[in-house]
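S.K.: Prediction below, plus the sequence it came from.
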Amino acid sequence: MPVFWLILIVLGLAAVGYIIGRQRALASAGGDSRHLHSLPSYYGSNVSIKVMVPAFFLMIVWLLAQPFVIEGRVSGMIPESEIREGSSASLLMAEVRRASEGLENAVAGGFMTDEEARNARADLSDVTQRLKDAGQVVTNTITQPILKAAQAHRAMVKSSNLYMSIAVIAIAVAGVFWGLAGAKADFRARNVVERSIRWLLVAAASIAILTTIGIVLSLIFNTVEFFRLYPASQFFFNPTWLPSFGGGIDADGNPLSKLGIIPLLWGTLYISLIALAVAVPIGLFAAIFLSEYAGPKTRAIAKPMLEVLAGIPTIVYGLFALLTVGPLLIGVFGDDGLGWMQAGTAVMTAGLVMGIMLIPFVSSLSDDIINAVPQAMRDGSYGLGATKSETIKQVVLPAALPGIVGAILLAASRAIGETMIVVLGAGAAARLSLNPFEAMTTVTAKIVSQLTGDADFASPEALVAFALGMTLFIITLGLNVFALYIVRKYREQYD
Amino acid sequence: MYDVHTHRAETNVDDIKISANDVQVYYGDTHAIKDVSIEIEAKCVTAFIGPSGCGKSTFLRCLNRMNDTIDICRVEGQILLDEEDIYDKRVDPVQLRAKVGMVFQKPNPFPKSIYDNIAYGPRIHGLANSKADLDVIVEKSLRRGAIWDEVKDRLHAPGTGLSGGQQQRLCIARAVATEPEVLLMDEPCSALDPIATAQVEELIDELRQDYSVVIVTHSMQQAARVSQKTAFFHLGNLVEFGETGKIFTNPEDPRTESYITGRIG
Ligand SMILES: Nc1ncnc2c1ncn2[C@@H]1O[C@H](COP(=O)(O)OP(=O)(O)OP(=O)(O)O)[C@@H](O)[C@H]1O
Ligand SMILES: [Mg+2]
């Protein structure tokens, strides 16, 4: 039975349980809900919860465990000799799985009868041909043991699914009776429901936290793995980035790939610096205009317009950099103009466009912070005969400064993590140079290029992406923590 | 209502610092001040009394155009300072506020050091030629604000770190540091203990030698102690204005009498 139907059945049982539970509870109170401990709907929900929670829990555990159990048993059927040179048991297993799914789909599509799919002495080439006719992806190398294993695999999956359906439905039905046992006037259904809701929220929160921990752990493990294959001193201190895709070791025993992070970090910092040099003054001035000078009408129009900038996907900014800003800069600084710039992709191009992207980020956060400065503070300054700009410069901005610094740091950590604009706007050359009109690249752009293409995921050339990611993660985490610390410290002043 | 003419007859016109005629103030559609005409004398302390929400602060803020900072606030009528209309287009509210200083109902020290709080006004108006000058002004102002002894050892600590009452005295010191001709004080003593209150009242008395002071207060005793003239506001109207002694002993309007004896407000 497909899982989809199983889910519908459980939901159906839950709905029926809800209605019956509600009615029974009402009936036990003689039809007067005032004699019930809880509102009638709580009795219904109590039944539904007792139907759904155990049934779905069993289903999830079963579906998670099933592949491990089945593959463990099937793998015993494949002789060692089947594992060819350059292959591995896990690759072979993947082939078995593919063949098993192919058989299932071919039967479902009517290209094969169930008998044929199970036939142990089936002709190999015939089966392969039929699978291909059915549009299933098969390699040419289905061998006898693989076919056998696939047939066993398919049989086990089918029976396992059947057992699961029976078990889940049985548990759901049992849940109905368990829940109905509580459909009595003095049962504290509300407390049960409240507690379940609490656990639901706890579960949601823990999933969010556990995923974060999982991501960080996978980063850490892969980074450690990288440093086992590649010397850390080379990674941190080698000033060149020149991966050789074959990998390998030179005569002195040093790796051929030069995976120094310095030029990438330099590119990242240089581009971020230009971006902030654009975004901070413009964003800050825009924020001051919006919060101090603009009338309510201007503000109502200008603020959302600025924030629209924040909603533009970064790939669009990337295109803007590649197709508009790059050629524009070439026109001024290129060979026809000042002669400083060779190609449209350069640190300057990416930095300018990234700066534009960050403007709403800086302005909208700063605007909120400037607005949080109490009006009494401004009144105090005006009351002493200060002008508007004196008040802003000497009272409002100093009061808002910690918050503004926090906003700038958050913007900086976005700049450091930005990828698309760099890929399209800054070029791909890892270079240590001071000239902002040269192409350079950043950590994020190199992570992309190391993992795209057919890289071997166990090689240092691919694993370096995790070490780069980890470095970035630590830098941005540090910046964010610092920013939050400053923002929070500032908040304490007025609350 | 109080008759302005009898009052004008007994004082010299030169002594009138601020003269308001038919002032109306609206907050959006709310009519907060209705037809108020009043004359505030130089070298005199004028007290504004009245129940909460009657418009004392609003009227006070008209006198140095602080209401300009509230978008929805509209002021009509005429207010003359030294015979010049302060709502005239040619008048710069910034210069006006340098002449007519203000202490607010809630203490609002700047997030700067105590020293810089006081030095703020003198600096923007260029009152000090040297650091030594400024030091003198700061010390003198803090002494007049009755807070010098408490803060003299921590002039460079933040002003926001002081207690509420200390902050209020800091704000008073900050306002007198710019040497205004008129000082508007909105309940300056509401957060102060009796000792500090007495010191502030002493300051007000001292300021009267050179300046006009207008003080809003909820304390009848305070109004009676420090002021020479008292104005009673009720629901946006100026009900009665006259010599303090007369208002408290022999009020003309029954509303004034009920307020003073504690029946309204
Ligand atoms: N910024 C504002 N916007 C709208 N209405 C206001 C504003 N400030 C004051 N008002 C209204 O104007 C009226 C007078 O207020 P005001 O602050 O002048 O009273 P007050 O006499 O100073 O009272 P209190 O003794 O409580 O300080 C009140 O009804 C108040 O609601
Ligand atoms: Mg008030």
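M.R.: Noted; the coordinates are in hand. Ligands and ions are numbered 1, 2, ... in the order given.

S.K.: what about residue 37, neighbour count?
M.R.: In the absence of a named chain, chain A is used. By other CB atoms under 10 Å in any protein chain shown, the residues close to A:His37 number 16. In this view, the C-beta of every residue, glycine as well, is placed from N, C-alpha and C.

S.K.: meant chain B, my bad for not saying
M.R.: B:Ser37: 16 neighbours (other CB under 10 Å).

S.K.: The helix or strand harbouring it close to ligand 1?
M.R.: Element membership of B:Ser37 [criterion: DSSP states H and E] is strand B:30-41. Yes - judged by CB under 6 Å from any ligand atom, strand B:30-41 and ligand 1 are in contact via B:Thr30, B:Ala32.

S.K.: Starting from that strand, tell me which strands it pairs with and how they run.
M.R.: Applying DSSP bridges, strand B:30-41 is found paired with strand B:16-27 (antiparallel).

S.K.: same question for the strand it pairs with, mean pLDDT?
M.R.: When pLDDT is averaged over strand B:16-27, the result is 93.

S.K.: Other residues contacting it?
M.R.: Around strand B:16-27, the neighbours that count as contacts under CB atoms under 8 Å, 6 or more residues apart in numbering or on different chains are B:31-42, B:55, B:58-59, B:62-63, B:67, B:70, B:72-83, B:181-182, B:212.

S.K.: for that strand, which positions count as buried?
M.R.: Buried residues in strand B:16-27, counted by 16 or more other CB atoms under 10 Å in any protein chain shown: B:Ile16, B:Lys17, B:Ile18, B:Ser19, B:Ala20, B:Val23, B:Gln24, B:Val25.

S.K.: Now render these as JSON lines, adding distance to ligand 1.
M.R.: Output for the buried residues of strand B:16-27, formatted as JSON lines (distance: CB to the nearest ligand atom, whole Å):
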{"residue": "B:Ile16", "distance to ligand 1": "24"}
{"residue": "B:Lys17", "distance to ligand 1": "21"}
{"residue": "B:Ile18", "distance to ligand 1": "17"}
{"residue": "B:Ser19", "distance to ligand 1": "20"}
{"residue": "B:Ala20", "distance to ligand 1": "15"}
{"residue": "B:Val23", "distance to ligand 1": "13"}
{"residue": "B:Gln24", "distance to ligand 1": "13"}
{"residue": "B:Val25", "distance to ligand 1": "8"}
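
S.K.: tell me which residues form a beta bridge with the residue nearest to B:Ile70 when sequence neighbours are not counted?
M.R.: Leaving aside its chain neighbours, B:Ile70 sits nearest to B:Tyr27 (7.4 Å; criterion: CB to CB, 6 or more residues apart in numbering or on different chains). Here B:Tyr27 shows beta-bridge partners B:Thr30, B:Cys73, assigned using DSSP bridges.

S.K.: Next, the residue nearest the centre of chain B: secondary structure please.
M.R.: Centroid-nearest residue in chain B, with CA atoms, centre = their mean: B:Leu184, separated by 1.6 Å. What DSSP: H, G, I helix; E, B strand; the rest coil gives for B:Leu184 is strand.
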